[in-house]
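Participant: give me coordinates for this.
(2 chains)
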Amino acid sequence: MIAPTLVFGWGNPSRGDDALGPLFIDRIAAMRLPGVECLTDFQLQVEHALDLENRRRVLFVDASLDAAPPFTVKLLAAVRDASFTTHAMTPEAVMQVYVELHDEAPPPCTLLAIRGERFELGEEVSSAAASHLDAALAWARTWLAG
Amino acid sequence: MSFELETAISPERLRRVAIDPVSRVEGHGKVTILLDDDNQVHQVRLHIVEFRGFEKFIQGRPYWEVPVMVQRLCGICPVSHHLAASKAMDMMLGVKQLTPTAEKIRRLMHAGQILQSHALHFFHLASPDLLFGFGSDVAARNIVGIIAAHPEIAKKGVLLRKFGQEVIRMTAGKRVHGTGSIPGGVNKSLSADERAELLKDIYQMVAWSRDAVGMIRQLFEHNLAEYNDFGRFRSSGMCLVRADGAMDLYHGGLRARDADGHTLFDHFDYARYWEVIAEDVKPWSYMKFPFFKSMGPDDGSYRVGPLTRVTHCDSIPTPLADKAREEFIAFDGGSVAGATLGYHWARMIEMLHAAESIKDLLHDDDIIGGDLMATGQRQERGVGVIEAPRGTLIHHYRVDESDQVIRANLIVSTTHNNQAMNTAVREVAKKYLNGREITEGLLNHIEVAIRAFDPCLSCATHALGQMPLEVAIVGADGTVIDEATRDHRGLIRALA
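Facilitator: This next block holds a predicted model:
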């Protein structure tokens, strides 16, 4: 049985604040919410379009250098962008891959961008990012209950 | 390999064009080109911003953590690091022979990695150039453009990659950050259900991989002169081979041949790799330039990866891939075996080999066995080498008596290919850029040459990966004459 809600966070757990996506997933998964599946990866790739199949809604979660602290929330639309490297494949492009593969609109997708500051290999999550994560989790509890 | 165009005689009199970063390449690379007033090329350099924090990241950790931690060095080929580190730690534990189940589970995991990585590269990163043309409309030259124009091809690419990821998930225990391979063996084998699940789809994967070999062959047949000549240069090469000379991407001895095909060393024990390989440094690059010691730094550079492996092995131990290898070697009198774009064809032959290997392993009862671990006499040092999707990957560790790593040295395939990639882009610059106005389409020719090697510059954060392409033409006095940027959606915007 495929869970109607997918929460997909990405990032490298050993690259400082890039861990925000995987940490968010760990915390949500620990809540064992009914109807919610949690997935994580280092970055978005084409095959993740297949993870959107048969969902009612999807929450993408990533660390961001651009988001206003503590986090921003945006409803996404499929976009045919270049996403030059697979490191940078955007959730919008993943949605577009879904459209092209299935010839139908993907489920509604929302991006939760949590503000990060430092992304060096071997660094711990910064204290600022940790508080941003807490704020994002508080928002997500309400969103997931909706 | 030649060093022509590496360093201009009077660089201060030339203008500079930069491709920064190179797109559809994992990580962060930059190309600088120095041109005179007549657009004649005087210098071309590929700068790879290599992260040198690997060793520091690993030092001080207990050895048993290393195969898991090294996966975080690279989000693109974590399984390659996982297995190379495991092999090094096998040696450190004195394990000379894994149990049949452990070795076959690791080989299955590696074949899954080869399959998904090669599928991603060919269908996602390289096919936009090959199907639309090197200088085609940049807005269409990407994976969604491929899906729109060739939906069946793109779908196969996505599903091949998904299948490879499933093989990894079942053998490594998790979709990412797997723990399946551990020093001395593995911590799980396949369940009967997992085996049955993979068997359902593997024959389709073999068929699609075979189709992909046919597709790249057709592309060569239709564009033979251009493909054969594109970024072509003579080069030595190195790869692992099995004891009988057959291709073996998981284990073997090192084989090296010079550009004339003469053997430099064969079945060399990789645990002593430093006796045959050294690394040169150049003042303009952070990344090292490996070379064969017997030939010296000026003549001893070499290339690794699919093209070398397919042309250096005596056979491929799966029938469809071996037949494809024979046809590749024989095609047009053997001309493609030395072509830079021959990497794409060789890569698809390896993808077919990986699919066939997965099929064979799934029919082997050892993969559901329970004998997972071997033991041996503890050593201080361990070296692990595998043929990763992009080429030879070396992990070398020293561990103290309290089981902590005190020294680590990694030589990744992109470093082995550093000189080869520089030579390829110089050959392309000479042929396509000399005397012409620089356009995005022409600059993409440089990137096509780099992408043929599928370099994994690894470990750039995805924030770095989102940097746009920037091109600046700078006058001799340092003023910016023209400038343009290509944003993350592929849109070109003139700035000056």
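
Participant: ok, now how distant is the residue lying farthest from the centre of chain A from B:Y302?
Facilitator: Of all residues in chain A, the one whose C-alpha sits farthest from the chain's mean C-alpha position, using C-alpha atoms, centre = their mean, is A:D103 at 23.5 Å. Here the distance between A:D103 and B:Y302 works out to 47 Å (C-beta to C-beta, to the nearest Å). C-beta here means a position set from N, CA and C on the backbone, and glycine is covered the same way.

Participant: equivalent analysis for A:D51, please.
Facilitator: A:D51 sits 40 Å away from B:Y302, going by C-beta to C-beta.

Participant: also A:P69?
Facilitator: Here the distance between A:P69 and B:Y302 works out to 49 Å (C-beta to C-beta).

Participant: the more surrounded of the two?
Facilitator: Of the pair A:P69 and B:Y302, B:Y302 is the one with more neighbours under other C-beta atoms under 10 Å in any protein chain shown, namely 26 against 15.

Participant: just checking, the more buried one touches B:H416?
Facilitator: Yes: proximity of B:Y302 to B:H416 meets the contact threshold set by C-beta atoms under 8 Å, at 6.9 Å.

Participant: how is B:D244 assigned, secondary-structure-wise?
Facilitator: When the structure is reduced to helix, strand and coil (DSSP: H, G, I helix; E, B strand; the rest coil), B:D244 reads as coil.

Participant: hmm, it is touching B:H267, no?
Facilitator: No: taking contact to mean C-beta under 8 Å, the distance of 9.9 Å between B:D244 and B:H267 leaves them out of contact.

Participant: now do the residue farthest from the centre of chain A, the pLDDT please.
Facilitator: A:D103 is assigned a pLDDT of 88 by the prediction.

Participant: same check, this time on B:P11
Facilitator: 75.

Participant: the closest residue to it other than its chain neighbours sits in which helix or strand?
Facilitator: When the adjacent residues along the chain are set aside, B:P11 lies closest to B:L34, with 5.7 Å between them (C-beta to C-beta, 6 or more residues apart in numbering or on different chains). Using DSSP states H and E, the element containing B:L34 is strand B:29-35.

Participant: now do the buried residues in that strand.
Facilitator: Applying a neighbour-count criterion of 16 or more other C-beta atoms under 10 Å in any protein chain shown, one finds B:G29, B:V31, B:T32, B:I33, B:L34, B:L35 buried in strand B:29-35.

Participant: give me the lowest-pLDDT entry from those.
Facilitator: Looking at pLDDT alone, these dip lowest at B:G29, where the score is 67.

Participant: test my guess that B:H81 contacts B:C74.
Facilitator: Yes: counting by C-beta under 8 Å, B:C74 is a contact partner of B:H81 at 6.2 Å.

Participant: what do B:Y302 and B:H416 both touch?
Facilitator: Taking C-beta atoms under 8 Å, 6 or more residues apart in numbering or on different chains as the contact rule, B:Y302 and B:H416 both touch B:M238, B:P290.

Participant: on that earlier part again, just the buried positions in whatever helix or strand comes next after the strand holding B:L34, please.
Facilitator: Using DSSP H and E, the helix or strand that follows strand B:29-35 towards the C-terminus is strand B:41-48. Across strand B:41-48, burial judged by 16+ other C-beta under 10 Å covers B:V41, B:H42, B:Q43, B:V44, B:R45, B:L46, B:H47, B:I48.

Participant: what of stretch B:436-448?
Facilitator: Along stretch B:436-448, these residues count as buried under the neighbour rule (16+ other C-beta under 10 Å): B:I438, B:E440, B:L442, B:L443, B:N444, B:H445, B:I446, B:E447, B:V448.

Participant: which one among those residues gets closest to chain A?
Facilitator: Using C-beta to the nearest C-beta, B:E447 is the member of these that lies nearest chain A, at 9.9 Å.

Participant: check which helix or strand that closest one maps to.
Facilitator: Mapping B:E447 onto the secondary structure by DSSP H and E places it in helix B:440-452.

Participant: elements contacting that helix?
Facilitator: Of the remaining helices and strands, those touching helix B:440-452 by 3 or more C-beta pairs under 8 Å, 6 or more residues apart in numbering or on different chains; DSSP states H and E are strand B:15-19, strand B:29-35, helix B:127-132, helix B:418-428.

Participant: do that again at 6 Å, thanks
Facilitator: Packed against helix B:440-452, as judged by 3 or more C-beta pairs under 6 Å, 6 or more residues apart in numbering or on different chains; DSSP states H and E, are the following elements: helix B:418-428.

Participant: who touches the helix it packs on?
Facilitator: Applying C-beta atoms under 6 Å, 6 or more residues apart in numbering or on different chains, the set of residues contacting helix B:418-428 from outside is B:1, B:5, B:44, B:46, B:231, B:233, B:235, B:287, B:289, B:301, B:303, B:340, B:445-446, B:449-450, B:453.

Participant: restricted to buried residues, select the residues you listed in ChimeraX.
Facilitator: The following ChimeraX line selects those of the contacts of helix B:418-428 that are buried, judged by 16+ other C-beta under 10 Å:
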select /B:1,5,44,46,231,233,235,287,289,301,303,340,445,446,449,450,453
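
Participant: could you tell me how far the helix or strand B:G384 falls within lies from the centre of the chain?
Facilitator: Secondary structure from DSSP H and E places B:G384 in strand B:381-388. Strand B:381-388 has its average C-alpha position 16 Å from the chain's average C-alpha position, going by C-alpha atoms, centre = their mean, to the nearest Å.

Participant: quick one: whichever helix or strand comes after that strand to strand B:381-388, angle?
Facilitator: With elements assigned by DSSP H and E, the helix or strand that comes after strand B:381-388 is strand B:391-399. Here strand B:391-399 runs at 160 degrees with respect to strand B:381-388, directions being taken by axes from the mean of the first three to the mean of the last three C-alpha atoms, to 10 degrees.

Participant: partners of strand B:391-399 in the sheet?
Facilitator: On the basis of DSSP bridges, the sheet neighbours of strand B:391-399 come out as strand B:381-388 (antiparallel), strand B:405-411 (antiparallel).

Participant: report how many residues lie close to B:D400.
Facilitator: For B:D400, the tally of surrounding residues (other C-beta under 10 Å) stands at 11.
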